[in-house]
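[1] Structure of the sequence below:
(one chain, ligands or ions: 2)
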Amino acid sequence: MDTTSLNFPTPKPTDTTCQEVVAELVDVHKSFGQNQVLRGFDLKLYDGENLVVIGKSGSGKSVMIKCLIGLIPADKGKLMVLGKDMLALEGDALNEIRTEIGFLFQGSALYDSMTVRENLEFPMRRHRKKMGRIHNSEELVMEALDSVGLAHTVDMMPAELSGGMQRRVALARTIILRPRIILYDEPTSGLDPITAKEIIYLILEIQKKYKTSSLIITHDMDCARVMANRMIIIIDGVNHAEGTYTELSRSGDPGVQAFFK
Ligand SMILES: Nc1ncnc2c1ncn2[C@@H]1O[C@H](COP(=O)(O)OP(=O)(O)OP(=O)(O)O)[C@@H](O)[C@H]1O
Ligand SMILES: [Mg+2]
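    Ligands and ions are numbered 1, 2, ... in the order given. A predicted model of the protein is given here:
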């Protein structure tokens with residue numbers, strides 16, 4: 001994707017000395033049979049930053065964020081979200097912390113048999129308790145759709161929307177519970193370059209509006225350059241290198257350099 005013509009400001013590096021850590025993985029291991037995917041992976045996500053994780057296909061990026069929210073059980077390690085130990089939480093407490101994490105899955109993953117409104121209401125029904133504490137649901141649905149420019153699609157079915165529109169609806173669904181943290185798994189994959197740019201813009205706008213902290217997984221180096229305050233490169237199941245886009249692009253490490261060619 002060519003984003004060079006866009007006037008995105010260069011993201012400032014995160015000042016990690018004075019910011020709160022909102023999510024942390026320490027020495028996380030995960031294997032599927034003989035396949036050792038995560039072999040002691042570490043990560044810290046700071047409040048308000050955009051942290052981009054890159055790695056080859058199959059390197060364990062999706063597994064890593066699924067472990068973080070407990071969709072896949074980690075074999076070993078520490079997974080902390082907003083100061084809570086995810087492996088020690090159950091039931092209501094786990095549900096409560098999950099409302100603080102939005103997750104944009106790889107692909108849009110809308111429910112095909114539900115309208116756009118029903119898709120957006122779905123997380124609210126699952127997390128009634130938190131929703132009970134904030135506004136009425138119709139207002140939230142319309143505000144979330146409006147922030148992705150798709151208020152007019154509220155009664156449509158996903159099949160009636162283009163791929164880019166579906167991704168935007170999925171983004172609206174991600175923000176509806178007002179999460180403090182959003183995990184994006186390949187937010188621009190499968191989209192044409194122009195639509196991909198629109199999605200990047202939208203994510204940056206949403207970040208600003210809702211002041212979320214984001215963990216963004218991508219193969220797309222332009223997306224990384226435009227979005228990252230900090231980056232992590234995952235190789236062989238560990239955090240191989242960490243730094244700003246500029247720092248990593250100047251690295252002499254051949255494993256790191258391979259991503260910048
Ligand atoms: N549920 C599962 N059962 C068995 N193996 C799995 C499962 N989920 C992932 N894997 C394996 O874990 C490894 C990492 O997969 P993962 O989906 O995390 O890769 P990725 O880095 O996200 O790749 P991509 O960039 O293609 O999305 C792969 O070898 C995959 O086959
Ligand atoms: Mg993946």
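
[2] Please, where are all the strands along the chain?
    Applying DSSP state E to the chain gives strands spanning 21-32, 35-46, 50-55, 76-81, 84-85, 101-104, 181-185, 213-217, 230-235, 238-243.

[3] In CSV: those, plus mean pLDDT, distance to ligand 1 and mean neighbour count.
    The C-beta positions use only the backbone N, C-alpha and C, and glycine is treated the same way. Below are these laid out as CSV (pLDDT from 0 to 100; distance: least, Cβ to the nearest ligand atom, whole Å; neighbours: other Cβ atoms under 10 Å):
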stretch, mean pLDDT, distance to ligand 1, mean neighbour count
strand 21-32, 97, 4, 18
strand 35-46, 97, 4, 19
strand 50-55, 96, 5, 24
strand 76-81, 95, 15, 18
strand 84-85, 92, 23, 13
strand 101-104, 90, 13, 24
strand 181-185, 95, 7, 23
strand 213-217, 96, 7, 26
strand 230-235, 97, 7, 23
strand 238-243, 96, 13, 17
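
[4] Can you list the low-confidence ranges for the stretch 51-200 of the chain?
    Filtered on pLDDT under 70, the stretch 51-200 of the chain yields the residue ranges 108, 127-135.

[5] The longest helix anywhere in the chain - contacts with which helices or strands?
    Longest helix in the chain, counting residues (DSSP state H): helix 193-210. Judged by 3 or more Cβ pairs under 8 Å, 6 or more residues apart in numbering; DSSP states H and E, the packing partners of helix 193-210 are helix 137-147, helix 163-175, strand 213-217, helix 221-227.

[6] who touches that helix?
    Helix 193-210 has contacts (Cβ atoms under 8 Å, 6 or more residues apart in numbering) with 1-3, 6, 8, 50, 147-148, 162-164, 167-168, 171, 175, 178, 182, 184, 187-188, 191, 212, 214, 216, 220, 223, 226-227.

[7] Lys56: how many residues sit nearby?
    14 (other Cβ atoms under 10 Å).

[8] for the one 3 residues further on, same thing?
    Ser59 is surrounded by 20 other residues when neighbours are defined as other Cβ under 10 Å.

[9] List the residues that contact the residue nearest to it when sequence neighbours are not counted.
    Nearest residue to Ser59 in three dimensions, chain neighbours excluded: Ile234, at 5.1 Å (Cβ to Cβ, 6 or more residues apart in numbering). By Cβ under 8 Å, 6+ apart, the residues touching Ile234 are Phe41, Val53, Ile54, Gly55, Ser59, Gly60, Lys61, Met64, His240.

[10] so what's the nearest residue to Ser62 once chain neighbours are set aside bridging to?
    Nearest non-adjacent residue to Ser62, counting by Cβ to Cβ, 6+ apart: Asp185, 5.6 Å away. Taking DSSP bridges as the rule, Asp185 bridges to Ile217.

[11] what residues are up against the closest residue to Gly60 other than its chain neighbours?
    Distance criterion Cβ to Cβ, 6+ apart; nearest residue to Gly60, sequence neighbours excluded, is Val37 at 4.1 Å. Contacts for Val37 (Cβ under 8 Å, 6+ apart) come out as Lys30, Ser31, Gly60, Val63, Gly237.

[12] Name the residues of this protein found near ligand 1, please.
    By the rule Cβ under 6 Å from any ligand atom, the part of the chain lying against ligand 1 is 32, 35, 37, 55, 57-63, 106, 219.

[13] mind running it again at 8 Å?
    Residues of the chain lying near ligand 1 by Cβ under 8 Å from any ligand atom: 30, 32-33, 35, 37, 55-64, 66, 72, 106, 185-186, 189, 217, 219, 234.

[14] what about the closest residue in space to Asp47 that isn't next to it in sequence, how many residues close to it?
    In space, and not counting its chain neighbours, Asp47 is closest to Glu20: 4.3 Å by Cβ to Cβ, 6+ apart. By the criterion of other Cβ under 10 Å, Glu20 has 11 neighbours.

[15] How about Arg125?
    The burial count for Arg125: 10, using other Cβ under 10 Å.

[16] ok, it - contacts?
    Arg125 touches nothing, counting by Cβ under 8 Å, 6+ apart.
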